[in-house]
Each structure stands twice: as structure tokens, then as C-alpha cells.
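Sharing a model that was predicted from the sequence below.
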Amino acid sequence: MNTSLSIASDATHPDRILVTVAGELDPETCSRLASATETLTLRGRTLLLDLSGMTFIDSGGLQTLVALRKRVQEAGGALQLCGPGAQALHLLDVTGTRHLFTMRACPPRAASGRPASPATHGGRPVVRDPGTESRTAPPPGSDHSAAFRHVKEQRDVNTAVLALRGDVLVVEAEANWTPEELVVNMPVDQARLIVHEVSFATRTGARRRAHLLIWWMPASAQGQERAYQAAFETLKTQHVEAPVHVIARTPEHLAHPRLVALAD
């Protein structure tokens with residue numbers, strides 16, 4: 001079997017090391033992940049594994065992640081995962097190991113161009129995209145209006161995640177997430193605004209798609225509440241194509257049956 005795996009690391013952040021994994025994590029390649037992380041200075045730092053480019057993982061790859069988690073904890077650090085796909089999440093569930101790992105949203109890439117200066121109007125954030133690009137973000141120059149259109153019109157995009165950078169709302173990611181992936185990709189300590197499409201059968205049996213504007217506001221992000229509330233209210237008036245408005249404070253509030261019930 002011919003499998004491939006690429007690994008890249010970024011240790012420039014003082015408190016966090018980002019390791020990006022792309023390809024297949026199996027018996028032929030998992031030793032490469034172990035080797036790539038052996039030389040990292042983990043003491044007291046968070047090791048964030050970006051798995052959004054990982055296309056497959058088997059039990060051998062899972063054992064590698066469990067062993068890495070143990071080594072990071074022994075060094076006084078913490079292991080976090082971001083962007084695991086449906087196959088990886090299923091493996092964690094069937095093996096009963098999901099609780100071992102902390103999930104968080106993947107960080108954006110460095111800006112591809114100089115961001116526009118933050119601005120406010122009447123005490124509210126100016127809602128626009130300064131040209132910041134992330135690994136999963138739309139092309140540079142796309143704004144939140146484009147992100148709304150992509151969710152509405154493109155079959156391979158059902159979710160857009162927006163984040164405040166200062167007073168500017170940027171498009172952090174566009175993705176085609178399952179309901180479960182929507183939940184695990186939300187940060188536990190940061191607010192976000194989400195445009196999400198749900199597809200469901202109505203009581204008459206007809207298929208329907210609905211677009212929701214969701215304000216993700218976990219309890220640990222209380223310091224961000226005022227700023228995100230202002231941005232949420234602004235988007236509600238600017239984007240009537242997402243007429244269902246949801247405030248989600250816990251993962252249960254993002255559960256697919258609840259979102260469908262609100263959209264129906």
C-alpha cells in the first residue's frame with residue numbers, strides 16, 4: 001500500500017506549537033509524526049495538531065495520537081486537535097477515545113495582505129473582510145457577503161465562520177461540515193458568528209434547505225459578548241437571506257435536530 005503523509009510545524013508562537021498533518025496516518029506513516037514531534041520543545045506549551053488535511057487514520061495512527069498526548073502532558077503541556085474529518089471522529093467515537101482530546105477551531109493563516117484598519121460606526125463594528133486569508137478561508141478579497149453567497153449557492157460549502165479581529169469581522173473559514181463537525185470545530189473559549197445551511201425533510205415529506213445565522217457564545221467567552229452582540233445585530237439587518245437567528249451557548253444548542261426544529 002502506497003500512502004503519503006506531509007507534516008509541517010510552526011513553533012513561533014510563545015505558548016503554542018502548530019503541527020499540520022496532511023494525508024494518511026496509518027502504520028506506514030505514523031512513525032513520521034512521532035519523529036517530527038520528538039524534537040519539539042513541549043514543556044508548558046500547547047501542541048495543536050491541525051488535522052483538517054488528514055484524509056485517513058487507522059488504529060495505529062490513533063495509538064500514535066494517544067502516545068503523543070501522554071508525552072505532551074508529561075512535559076506539562078496540552079494536546080489539542082483541530083479540523084478532524086468525519087472518518088477520524090467516527091474512529092474516536094467507536095474506540096471511546098474522543099474524551100481524551102480537546103477539540104478547538106483551527107487558527108487562521110497569517111494575512112496574505114495588509115489588513116484594513118479597524119473602524120467603528122456608532123459604536124458598532126464595521127462588518128467587512130480586510131483581506132485576511134486562512135487555510136480554509138475563501139480567496140483574498142472575499143468578504144462576509146461573499147461568504148453568505150457561497151453558503152447559499154455552492155454545493156461544497158454549507159458553513160462560513162466569522163471572527164472578530166479587533167473591530168473587523170473576518171471570514172475565518174468556509175467548509176462543508178457535517179452537524180458533528182460544526183460542533184467540534186467551535187472553540188470552547190471564543191465567540192464566533194456562523195452562517196450555516198441545514199437540509200431536512202418537512203412534515204409533508206418535501207426537502208428543504210434553510211440558512212441560519214448563529215451566534216456561538218460559550219460561557220468562557222463572556223468578555224467578547226458585547227462586541228459579538230453588536231456584530232450579530234449588524235449581520236441580522238444586512239443579510240435577510242439568513243432569516244433564522246440562533247444564539248448557541250453550549251454544544252447542545254448546535255445539535256442538528258434543534259437547528260432543524262428552529263428552521264422548520
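In hand now; what should we look at? Residues are numbered from 1 along each chain as shown.

So Q224 lies in a strand, does it not?
No. With DSSP: H, G, I helix; E, B strand; the rest coil as the criterion, Q224 is assigned helix and is not in a strand.

quick one: the spatially closest residue to it that is not a sequence neighbour from I214, how far?
Take Q224 and drop its neighbours on the chain: the residue closest to it by CB to CB, 6 or more residues apart in numbering is A191, 4.4 Å away. Bear in mind the C-beta positions are built from the backbone N, C-alpha and C, glycine included. For A191, the distance to I214 equals 11 Å [CB to CB, to the nearest Å].

do the same with S199
16 Å.

quick one: which of those two has more around it?
I214 (25 against 11; other CB atoms under 10 Å).

quick one: average confidence on the helix or strand harbouring that one?
Per DSSP states H and E, I214 falls inside strand 207-216. Mean pLDDT, computed over strand 207-216, is 90.

in it, what counts as buried?
Judged by neighbour count (16 or more other CB atoms under 10 Å), strand 207-216 contains these buried residues: 210-216.

Show residues contacting it.
Applying CB atoms under 8 Å, 6 or more residues apart in numbering, the external contacts of strand 207-216 come out as 148, 151-152, 186, 191-202, 228-229, 232, 235-236, 239, 241-248, 254, 259, 262-264.

Pull out the buried members of those residues.
The neighbour count (16+ other CB under 10 Å) marks 148, 151-152, 186, 191-198, 200, 228, 232, 235, 239, 242, 246, 248, 254, 259, 263 as buried among those.

Filter these down to the ones in helices?
Among the buried ones among the contacts of strand 207-216, DSSP state H puts 148, 151-152, 228, 232, 235, 259, 263 in helices.

which sections of the stretch 51-200 of the chain are below the confidence cut-off?
107-144, 146-147, 150, 152, 154-156 (pLDDT under 70).

quick one, strands of it?
Counting by DSSP state E, counting those that start in this stretch, the stretch 51-200 of the chain has strands at residues 78-82, 102-103, 120-121, 124-125, 159-165, 168-175, 192-201.

Export those as TSV, with columns for distance to E181.
Output for the strands of the stretch 51-200 of the chain, formatted as TSV (distance: least, CB to CB, whole Å):
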stretch	distance to E181
strand 78-82	11
strand 102-103	10
strand 120-121	33
strand 124-125	27
strand 159-165	8
strand 168-175	8
strand 192-201	11
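
Which among those strands is found nearest to T39?
strand 78-82 (16.4 Å; CB to CB).

List of residues touching that closest one?
Contacts of strand 78-82 (CB under 8 Å, 6+ apart): 46-52, 65, 68-69, 72-73, 101-107, 185.

try 6 Å this time
Contact with strand 78-82 is made by 46-51, 69, 72, 101-104, 106, as judged by CB atoms under 6 Å, 6 or more residues apart in numbering.

Now the buried members of these.
46-51, 69, 72, 101, 103-104, 106.

quick check, nearest of these to G61?
Using CB to CB, these come closest to G61 at L51, 10.0 Å.
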